[in-house]
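Engineer: just a sequence and a predicted model for now, questions to come.
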Amino acid sequence: MTLLEVIVALLIAGMAALLLYDATGSALQATQAAARYDQAIVRAKSRLAAATHGTKLTPGDWRGDDGGGFRWRLHVAPLATTLAPPNGSATPGTGPSTPLVLYAVTVWIGWSDGRTARDVRLDTEQVGG
C-alpha cells in the first residue's frame with residue numbers, strides 16, 4: 001500500500017510541476033509581448049513627432065523598415081480647409097487671406113510576434129499652411 005501512495009504522490013507532483021512550467025512560459029511570453037508593445041509605442045510617437053514638427057505637411061502615404069523587426073507606415077490626409085484673416089485681423093475680407101489646412105496624421109508600427117501580426121496605431125490632427 002505504501003508503494004502505491006508514493007507513486008500517486010509522484011504523479012501529482014509531476015503534474016503540478018508541468019502546470020507550473022506552462023504558467024511560467026505563458027508569463028514570459030506575455031512579458032515579451034508587453035515589452036514589444038512599449039517599444040512600438042515609443043517608435044510610433046517618434047515617427048509622429050518627426051512628421052508633425054518642423055516640416056510642412058504634405059498629403060501622402062509612406063512606409064519603411066524601422067529595424068528590430070518593426071515596420072512603419074505614415075499617412076497624411078487633408079480634412080478641412082479654411083481661410084485665416086490676414087495679419088491676425090478679426091475681420092475677414094480686409095486683405096489677402098492665408099489658407100489653413102487641417103490634416104489627419106496616422107502612424108502605424110507593425111511587427112510579427114511568432115505567427116501573430118501585431119501593430120500599434122497613433123492618430124493626430126495638425127494644422128498646416
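Structural biologist: Good, I have the coordinates.

Engineer: buried ones in stretch 35-48, by neighbour count?
Structural biologist: Within stretch 35-48, the residues scored as buried using 16 or more other Cβ atoms under 10 Å are R36, Y37, Q39, A40, R43, A44, R47, L48. For every residue, glycine as well, the C-beta is placed using N, CA and C.

Engineer: and for that stretch, what are the contacting residues?
Structural biologist: By Cβ atoms under 8 Å, 6 or more residues apart in numbering, the residues outside stretch 35-48 that reach it are 66, 68, 70, 72, 74, 105, 107-111, 113, 118-122, 124.

Engineer: and it, average pLDDT?
Structural biologist: Across stretch 35-48, pLDDT averages out at 95.

Engineer: that older thread, of the contacts of stretch 35-48, select the buried ones using a PyMOL command.
Structural biologist: Selecting only the buried entries of the contacts of stretch 35-48 in PyMOL, with 16+ other Cβ under 10 Å as the criterion:
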select buried, resi 66+70+72+74+105+107+108+109+110+111+120+122
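
Engineer: next step: the contacts of stretch 35-48 restricted to strands.
Structural biologist: Applying DSSP state E to the contacts of stretch 35-48, the entries found in strands are 66, 70, 72, 74, 105, 107-111, 113, 118-122, 124.

Engineer: point out where the protein drops to low pLDDT.
Structural biologist: When residues are selected by pLDDT under 70, those of the chain lie in 87-95, 129.

Engineer: and if we set it to 80?
Structural biologist: The model of the chain has pLDDT under 80 over residues 1, 54-55, 84-97, 129.

Engineer: residues in contact with the closest residue to T98 other than its chain neighbours?
Structural biologist: Leaving aside its sequence neighbours, T98 sits nearest to A84 (Cβ to Cβ, 6 or more residues apart in numbering; 4.6 Å). Contact analysis of A84 by Cβ under 8 Å, 6+ apart lists S97, T98, P99, L100.

Engineer: got the phi and psi for the second one?
Structural biologist: With angles defined as degrees, to the nearest 10, T98 sits at phi -100, psi 130.

Engineer: which of the three states applies to A40?
Structural biologist: Secondary structure for A40, judged by DSSP: H, G, I helix; E, B strand; the rest coil, is helix.

Engineer: which helix or strand contains G14?
Structural biologist: G14 belongs to helix 2-52 when assigned by DSSP states H and E.
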